[in-house]
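>>> Dropping a prediction and its sequence here:
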Amino acid sequence: MTTINRPIRVLVAKVGLDGHDRGAKVIATALRDSGMEVIYTGLRQTPEMVVNAALQEDVDAIGISILSGAHMTVFPRIIELMKDKGMDDVLLTGGGIIPEEDMQSLLGMGVGKLFVPGTTTSEIAGYIKGWVKEHRKF
């Protein structure tokens with residue numbers, strides 16, 4: 001378990017043409033309120049844009065909000081790009097409308113826990129904090 005001497009840094013992103021960002025903004029605010037430093041990329045990001053921003057910002061976690069149904073395309077592509085860039089100690093998590101069987105497939109590919117609508121923001125913040133303390137090297 002690692003002691004962190006700085007705020008946890010999280011990149012929150014909306015990938016693709018999904019224009020519904022209220023949930024992402026709520027999560028970003030809640031994570032900030034829990035003591036994390038949050039970078040919100042805004043709408044219509046590509047997986048490449050997300051991973052490049054995460055590298056530039058030296059984040060501990062990437063959170064993807066996805067309601068479009070493209071989760072089985074978006075998450076595997078982001079994981080692939082993260083592996084290509086050596087980002088093995090960065091958490092990829094997210095949430096939205098994702099069927100349970102798809103969540104299990106994504107977990108098997110290396111995606112972290114995914115959250116459905118109605119999950120409390122404190123549960124999400126607690127998961128990120130716990131994961132970062134266990135996996136990040138400072």
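Here it is on my side, so go on.
>>> all strands for the protein, in order.
Applying DSSP state E to the chain gives strands spanning 9-14, 37-40, 61-66, 91-96, 114-115.
>>> Using CSV, lay out these together with distance to residue 74 and mean pLDDT.
Placement of C-beta: from N, CA and C, glycine included. Below are these laid out as CSV (distance: least, C-beta to C-beta, whole Å; pLDDT from 0 to 100):
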stretch, distance to residue 74, mean pLDDT
strand 9-14, 10, 97
strand 37-40, 17, 98
strand 61-66, 6, 96
strand 91-96, 9, 96
strand 114-115, 12, 98
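>>> Can you lay out those strands as a markdown table showing distance to residue 131?
Formatted as a markdown table, the strands of the chain follow (distance: least, C-beta to C-beta, whole Å):
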| stretch | distance to residue 131 |
| --- | --- |
| strand 9-14 | 11 |
| strand 37-40 | 16 |
| strand 61-66 | 7 |
| strand 91-96 | 5 |
| strand 114-115 | 13 |
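>>> Can you give me the neighbour number for residue 83?
Residues near residue 83, counting by other C-beta atoms under 10 Å, number 11.
>>> Please read the previous query as pertaining to residue 42.
There are 12 residues near residue 42, going by other C-beta under 10 Å.
>>> where do the helices sit along this protein?
Taking DSSP state H, the helices of the chain run over residues 22-33, 47-57, 71-84, 100-109, 121-135.
>>> Could you check the angle the longest one makes with strand 61-66?
With axes from the mean of the first three to the mean of the last three C-alpha atoms, to 10 degrees defining the directions, helix 121-135 sits at 140 degrees from strand 61-66.
>>> Flag every buried residue along helix 121-135.
124-125, 127-129, 131-132, 135 (16 or more other C-beta atoms under 10 Å).
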